[in-house]
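**Q** For reference, the sequence and a predicted model appear below.
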Amino acid sequence: MHALVVLCLALVVSTSSTAQNAYTSDANSCDLGQKTKLADLCPSGFGLPEYGSTQDIINRNPNNAGMIVQAANEYGVNPRLALAVSAHEGAMSACAGSFSGVRGPMQLTQGTARGYGMNRDGLSDNIRGGMATLRDAIRSCGGDDNIRCLADRYNGSTEHQRRNWTNDVTRRVAGLQTASIPQGCNGNPAACLGPGDFPTPGSSPSQVAGGPGSSAGGAQLAAIAPPPAATDIVVGSQMATYPLSSLVTPG
């Protein structure tokens with residue numbers, strides 16, 4: 001009887017692990033110009049992906065990680081911060097999703113993506129829309145040092161979840177300071193422009209990362225960042241198991 005119980009428990013754990021891992025999905029290539037839909041990469045639908053250390057997440061999703069770094073460079077966001085945010089939000093997985101309706105590696109709502117003229121159900125738009133949101137959060141916070149302020153503007157959910165966001169993203173950023181991170185898809189090393197800097201001299205926000213004057217597509221960026229939607233409750237916020245209250249920036 002005891003052996004039967006142990007076997008049943010083992011089967012439950014195995015089934016649970018398989019179901020969870022089914023939501024961990026990387027892109028087929030590192031290309032921010034691709035038109036791949038999230039659904040094309042997620043035959044099992046959307047749910048809780050496999051989390052873990054940021055380096056483990058990068059290793060499982062090398063193409064998504066490369067696109068995140070490239071988008072961060074295009075938008076003037078610190079690539080290490082971008083990777084930390086995506087690792088917390090959706091474990092950099094195309095199939096990350098939650099009951100609130102957010103999806104993808106940057107855990108966007110459709111409303112937030114549309115505010116930037118993008119479709120969050122496209123992988124590239126999901127990453128770019130998340131990076132645009134993060135860039136504008138950094139501008140609102142006067143820089144990227146105040147992680148709690150970024151949590152308020154990027155996550156926009158409950159107080160408890162924003163504190164978890166602050167703690168986990170702070171920990172992940174610190175862990176990446178001495179780590180080797182991916183290059184962008186174009187082979188350029190990770191670089192950090194200041195928020196508001198653009199890759200081409202004389203360009204405007206509408207020409208960056210998919211604007212009409214860009215070779216990356218025709219998506220028009222919003223002049224003003226949309227506020228967080230009420231449903232912006234993220235998978236990662238419920239997975240922060242690393243309490244680092246000593247690192248919380250008062251906010």
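**A** Perfect, thanks for sending it. No experiment lies behind these values; they were computed from the predicted model shown. Residues are numbered from 1 along each chain as shown.

**Q** which residues in the chain form helices?
**A** Taking DSSP state H, the helices of the chain run over residues 2-21, 54-60, 62-75, 79-90, 110-114, 123-141, 147-154, 159-176.

**Q** Go through those helices and name the closest to residue 35.
**A** helix 123-141 (7.4 Å; C-beta to C-beta). C-beta here means a position set from N, CA and C on the backbone, and glycine is covered the same way.

**Q** Just confirm residue 172 contacts residue 54, I think it does.
**A** Yes. If you go by C-beta atoms under 8 Å, residue 172 and residue 54 touch, sitting 4.8 Å apart.

**Q** Could you pull up the residues touching residue 52?
**A** Residue 52 makes contact with residue 91 under the criterion C-beta atoms under 8 Å, 6 or more residues apart in numbering.

**Q** Please tell me the pLDDT value assigned to it.
**A** On the pLDDT scale, residue 52 is placed at 95.

**Q** where's it relative to residue 130, distance?
**A** Note on residue 52: its distance to residue 130, by C-beta to C-beta, to the nearest Å, is 20 Å.

**Q** Check residue 113 too.
**A** Distance, residue 113 to residue 130, by C-beta to C-beta: 9 Å.

**Q** next one: residue 82
**A** Applying C-beta to C-beta, the value for residue 82 to residue 130 is 8 Å.

**Q** Determine the residues that are contacts of both of those two.
**A** Contact with both residue 82 and residue 130 is made by residues residue 71, according to C-beta under 8 Å, 6+ apart.
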